[in-house]
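Colleague: One predicted model, sequence on top.
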Amino acid sequence: MPGVLLEVQSVEKAQLRPVPLQEFRPGDTIRAYYRIVEGEKTRVQMFQGVVIRISGKKGHSRATFTVRKVSYGIGVERTFLYNSPRLEKIDVLSPGKVHQSRLFYMRGRSGKSARIKERQDWYSQEQHSNAADTTAAPQTEPSKD
């Protein structure tokens, strides 16, 4: 039995994403770019919404996340495989401040009650790297003579 478990783990490890996606959490508003195959043509389709669930760990091949949006007054949810080769990239548009990891209560809400507050401690990698570049030179204190 342990030999079978090692084989399953080795197969799953081979299916992991070589380059990790941008970090996100439940409550974040994201834009997922997914490659669609239509006949012989391929195109990238964008799906923008709030992450309502992340299931599984990102280091496992079966990890998924669910994104919800409201389109023309109808709620639409889509579940993505985290390690899918068709998932091009993810952009985090605004980080959400929520106290739960599963936001299924959002299904019954609309309008103002469906708003999620924005996290203030979040910095995008661009802002963080720009802030490091523009640090001021240390100032010397005047001598007390």
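Modeller: On my side now, so go ahead.

Colleague: and the gap between the spatially most central residue of the chain and Pro2?
Modeller: Central residue of the chain (CA atoms, centre = their mean): Phe24, 3.4 Å from the mean position. Phe24 sits at a distance of 35 Å from Pro2 (criterion: CB to CB, to the nearest Å). All C-beta atoms are positioned from the backbone trio N, CA, C, and that covers glycine.

Colleague: Only the buried residues of the longest helix anywhere in the chain, if you could.
Modeller: Longest helix in the chain, counting residues (DSSP state H): helix 2-14. The neighbour-count check on helix 2-14 (16 or more other CB atoms under 10 Å) flags nothing as buried.

Colleague: and if you look at stretch 80-90?
Modeller: So for stretch 80-90, counting by 16+ other CB under 10 Å, buried means 80-83, 87, 90.

Colleague: rewinding a little: helix/strand/coil for the residue nearest to the centre of the chain?
Modeller: Secondary structure, DSSP: H, G, I helix; E, B strand; the rest coil: Phe24 is coil.

Colleague: For it, give its distance to Leu93.
Modeller: 10 Å.

Colleague: Among the buried residues of stretch 80-90, name the ones in strands.
Modeller: In strands, judged by DSSP state E, the following of the buried residues of stretch 80-90 are found: 80-81, 87, 90.

Colleague: Now pLDDT and distance to Ser61 too, for these, in a markdown table please.
Modeller: Output for those, formatted as a markdown table (pLDDT from 0 to 100; distance: CB to CB, whole Å):
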| residue | pLDDT | distance to Ser61 |
| --- | --- | --- |
| Phe80 | 93 | 14 |
| Leu81 | 90 | 8 |
| Leu87 | 91 | 13 |
| Ile90 | 93 | 18 |
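
Colleague: what two of those residues are the furthest from one another?
Modeller: Leu81 and Ile90 (12.5 Å; CB to CB).

Colleague: how far away is Asp28 from Val67?
Modeller: Counting by CB to CB - Asp28 and Val67 are separated by 10 Å.

Colleague: what's the longest strand seen in the chain packed up against?
Modeller: Secondary structure assigned by DSSP E gives strand 41-55 as the longest strand of the chain. Contact here means 3 or more CB pairs under 8 Å, 6 or more residues apart in numbering; DSSP states H and E; on that basis strand 41-55 packs against strand 29-38, strand 64-71, strand 74-81.

Colleague: Appreciated, that's everything.
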